[in-house]
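*Asks:* sequence first, then the predicted structure:
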Amino acid sequence: QVQVVESGGGLVQAGGSLRLSCTASGDTVCIHNMGWYRQAPGKERELVASIFIVRSRNTQYGDFAKGRFTISRDNAKNAVYLQMNNLETEDTAVYFCNVRGGRLNSLCNEGVINWGQGTQVTVSS
């Protein structure tokens, strides 16, 4: 089992910055990708950013995040971070950490997905 814990959300004014942290614990050996999604009220959950944990450090960003948000990782801590700069009111949402890769029938399986409980980010005008 993989446990996922996020931190770092809060209230910030437009133009400000926040840094989110996500740490995975438990059976982490099969994790291959970690990232962030967000969900605003009445909207679908959408990708913010993701990064591969093994081999390459390839990243993927939602269009709205490019140039403002940066995802990074610390493999030794099984952690990923999301630095969010120049925040806009439209960034207000619950941000969820997404961990891909886990054990299924004792074998590593890339289709296993675990989510954190979410952290609220509120950007005021």
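*Replies:* Perfect, thanks for sending it. Numbers count the residues shown, from 1 in each chain.
*Asks:* what's the helix or strand hosting Met34 in contact with?
*Replies:* Using DSSP states H and E, Met34 sits within strand 33-39. Here strand 33-39 makes contact (Cβ atoms under 8 Å, 6 or more residues apart in numbering) with 20, 22, 24, 45-53, 60, 71, 73, 80, 82, 91, 93-101, 118, 121. For the C-beta atoms, the positions are set from N, CA and C on the backbone; glycine is no exception.
*Asks:* quick one: strands adjacent to it?
*Replies:* Take DSSP bridges as the rule and strand 33-39 pairs in its sheet with strand 46-52 (antiparallel), strand 93-104 (antiparallel).
*Asks:* now the residue sitting nearest the centre point of the chain: closest residue in space, sequence neighbours ignored.
*Replies:* Centroid-nearest residue in the chain, with Cα atoms, centre = their mean: Trp36, separated by 2.3 Å. Once flanking residues are discounted, Trp36 sits nearest to Val48: 4.1 Å by Cβ to Cβ, 6 or more residues apart in numbering.
*Asks:* having no further points to raise, I will conclude here.
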